[in-house]
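> Model the following, please.
(2 chains)
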Protein chains: 2
Amino acid sequence: MFRAVARRQTRTMITSNIVVYAEHGEPKDVLRTHTYQIDETKLGGSEVVVKTLGAPINPSDINQIQGVYPSKPPMTKDYGTDVPVAPCGNEGLFEVIHTGANTELKVGDWVVPANVNFGTWRTHAKDDESKFQKINNPTQSKAAGKPHGLTINQAATISVNPPTALLMLTHYVKLEPGKDWFIQNGGNSAVGQYASQIGKILGFNSISVVRDRPNLAELKKELEEVKGATHVITDEQNNSRDFTGTVKQWTKESGGQIKLGLNCVGGKSSAAVARKLAPNGLMLTYGGMSMQPVTIPTSLHIFKNITSAGFWVTELLKNDRALKQKTLNQIVEWYEQGKLIDAPSNHIKFSEGDDLAKLYIDGVADKSGKQMVVY
Amino acid sequence: MFRAVARRQTRTMITSNIVVYAEHGEPKDVLRTHTYQIDETKLGGSEVVVKTLGAPINPSDINQIQGVYPSKPPMTKDYGTDVPVAPCGNEGLFEVIHTGANTELKVGDWVVPANVNFGTWRTHAKDDESKFQKINNPTQSKAAGKPHGLTINQAATISVNPPTALLMLTHYVKLEPGKDWFIQNGGNSAVGQYASQIGKILGFNSISVVRDRPNLAELKKELEEVKGATHVITDEQNNSRDFTGTVKQWTKESGGQIKLGLNCVGGKSSAAVARKLAPNGLMLTYGGMSMQPVTIPTSLHIFKNITSAGFWVTELLKNDRALKQKTLNQIVEWYEQGKLIDAPSNHIKFSEGDDLAKLYIDGVADKSGKQMVVY
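Next up, the predicted model:
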């Protein structure tokens, strides 16, 4: 790969493919591929040219295209389109293939966008190096003596779900390792699995609530033995007042308290999560899969001083580059140490000549799991 | 009244009537009057004997007797009962009628209990002066040149509703006078009326939500012109998305934001209050009149960073005597200045020989308004 990069440096013009939309709507109706030229000979001193290695499809990317997401990329003619367009995609991994005279980044470095709305569904980009944040590439991890280098899947999905899990567990409530607990619904979601794994690494006990299902025993075993959950319980158990005694026994044995709840479901599931919190506990809501609003029994607010707040990684990290870098570095380190297992993606391979927008439209239509285009 | 006090100081034994219960249940089934003797000649240096002037019936008093309130007075044999009993009543006004050798309190001073669970439904009490907090009596207000002395109704109801309103408006979110807003449901409740009045005194704009009713125009006029609400709207307007534009226009004209919501209703009313908050706004829940849980649309938590928390004056002031005294002093001052109008009570007069428990049982049964026994 590095040899290929070196060859590219001798070219002067690169054809970039970028997926854009001029108006909001369903991806299949509004996405199109735009191509434009990047002139490597005209780089500013702090500019870099990057090549995309992988860029996933997140639900929020689709909502942005539909126009129903609060954070929106501005429409621009910067790519040489005749009408203003917005780029798609917020998460992705790039490799630096050319640098200006004065950059800290070097050819071969792996970078992710420093901010959302960068437009990651593209083959190449030219921008100031400040628009990117560096993470170790496998060669660098190996040189540093780490057991593992990151995979493209790990690095290309590092900006949203793992920081959401890590920051919810550490940025608000101080959980005492070995004693305290958090409880989460959506325990089998991508964030849920990162949270139980990171909880385990940090020594936090956890209760993961999952939907009942035919292969429950199997899932329970996987989440408890591989993904770090202390206990896995079903929605039915979460909603049952009889089950409260069991949960109290667990926390009593640990000498700790359930100080934090993570909610991505809403409705009665959120009420049942909130009911399990110790006095002064906090429930953070980061999703609403049931489409029901967050529900907090009044007495929990008044008499147990339970607080219900929201979490949005985009907003928290928007103006805090240092926190984002620290968070990424921690996740990279856990991947390098083999302590964290990433959520799998279906990889769709882009080859020169493919219609990139078509690949993403196919990815959006494929509901079999998380989709990522690799380049 | 002071002459009567002077006469009493020459006695040595006082017969105190106190309303108690030995087990939880409906007040009519479990309340009884217990009488016991207070020996004025055996006062510790920091002890005082007080005579009750007024003690109201609050909903939480009834819930305590029923056993469904989280804060409970301990059962005790201290009053000379043969079985352990708990005293009733949390709010009330006392006059000091006898003091130990080294008290700061003086005969004639007005005091309220420093803590909840004191047992205010009684004719007299003997206790350490630290169990009380002093507020100006009318003679002291007059001597200090204040336009008004407090009435017994104002002083006997000063410990719960006015501090709840004042502390919710000042202890959590900084509202900018002349610009910022709060919105509250239950705008015609006792706390709601204190909140709009105190808001007006402090320069905060307010929107009070009330139920639609035949005399709406009259109530609106009263709350806006006498009780300080900037705008009064109905539940229907609060729930209507069309009305949002009107609210936005009001806040735009003020140059401020709706940074605080006060909720004592729950259900869809709480969701509608939360929807009107500016980004990063806080909703405080202090009641749940609809019996529906607090409801927060998920997107408000995640994308507007709205936080939902509880308020319980008992818990906030439990270990903060200084804050309680400061809060009481402020409310006393506003009453002395004639700036604050108290919520009316029906006064039930206790006379020597009456069965005190019977008066409170009758008061609990009377749903025509807030009831208070005066002595």
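> count of neighbours near the nearest residue to A:Cys264 once chain neighbours are set aside?
Leaving aside its chain neighbours, A:Cys264 sits nearest to A:Gly287 (3.2 Å; criterion: CB to CB, 6 or more residues apart in numbering or on different chains). The C-beta positions use only the backbone N, C-alpha and C, and glycine is treated the same way. Close neighbours of A:Gly287, defined as other CB atoms under 10 Å in any protein chain shown, add up to 21.
> ditto for A:Ala143
Neighbour tally, A:Ala143, other CB under 10 Å: 11.
> quick one, phi/psi of it?
Main-chain torsions, A:Ala143, degrees, to the nearest 10: phi -60, psi -30.
> any low-confidence regions in the stretch 251-375 of chain A?
Along the stretch 251-375 of chain A, no part satisfies pLDDT under 70.
> What ranges does it have for its strands?
In the stretch 251-375 of chain A, the strands defined using DSSP state E, counting those that start in this stretch lie at A:258-263, A:282-285, A:294-296, A:307-310, A:346-349, A:371-374.
> For the fourth one, which helices and strands make contact with it?
Where contact means 3 or more CB pairs under 8 Å, 6 or more residues apart in numbering or on different chains; DSSP states H and E, strand A:307-310 is packed against strand A:282-285, helix B:298-304, strand B:307-310.
> Show me the contact partners of the second one.
If I follow you right, that is helix B:298-304. The contact list for helix B:298-304 (CB atoms under 8 Å, 6 or more residues apart in numbering or on different chains) reads A:70, A:266, A:285-288, A:293-294, A:308-312, A:315, B:274-275, B:277, B:279-281, B:306-308.
> let's see it at 7 Å
Helix B:298-304 has contacts (CB atoms under 7 Å, 6 or more residues apart in numbering or on different chains) with A:70, A:266, A:285-286, A:288, A:293-294, A:308-312, B:274-275, B:279, B:306.
> do the first one as well
For strand A:282-285, contacts defined as CB under 7 Å, 6+ apart pick out A:168, A:172-173, A:260-263, A:270, A:273-274, A:277, A:294, A:306-311, B:298, B:301-302.
> Please list only the buried members of these.
Among those, those classed as buried by 16 or more other CB atoms under 10 Å in any protein chain shown are A:168, A:173, A:260-263, A:270, A:273-274, A:277, A:294, A:306-311, B:298, B:301-302.
> Output the below-cut-off pLDDT ranges for the stretch 1-150 of chain A.
Ranges of the stretch 1-150 of chain A meeting pLDDT under 70: A:1-11.
> Could you rerun that using 50?
A:1-9 (pLDDT under 50).
> Tell me how many other residues surround A:Lys252.
Quick note: A:Lys252 (other CB under 10 Å) scores 10 neighbours.
> so where do the helices sit in the stretch 1-150 of chain A?
A:2-8, A:27-30, A:59-66, A:138-143 (DSSP state H, counting those that start in this stretch).
> Most tightly packed of those helices?
Comparing the helices of the stretch 1-150 of chain A by mean neighbour count (mean count of other CB atoms under 10 Å in any protein chain shown), helix A:59-66 ranks first with a mean of 19.
> how about the helices of the stretch 1-150 of chain A in TSV, adding distance to chain B?
Output for the helices of the stretch 1-150 of chain A, formatted as TSV (distance: least, CB to the nearest CB, whole Å):
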stretch	distance to chain B
helix A:2-8	39
helix A:27-30	21
helix A:59-66	11
helix A:138-143	34
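> how about whatever residue of the stretch 51-200 of chain A ends up closest to chain B, phi and psi?
Of all residues in the stretch 51-200 of chain A, the one sitting closest to chain B is A:Pro70 (4.4 Å; CB to the nearest CB). As for A:Pro70, its main-chain torsions (degrees, to the nearest 10) stand at phi -70, psi -30.
> Can you give me the distance of the residue lying closest to it once chain neighbours are set aside to A:Gly92?
Using CB to CB, 6+ apart and skipping the chain neighbours, the partner closest in space to A:Pro70 is B:Phe303 (4.4 Å). B:Phe303 is 23 Å from A:Gly92, where distance means CB to CB, to the nearest Å.
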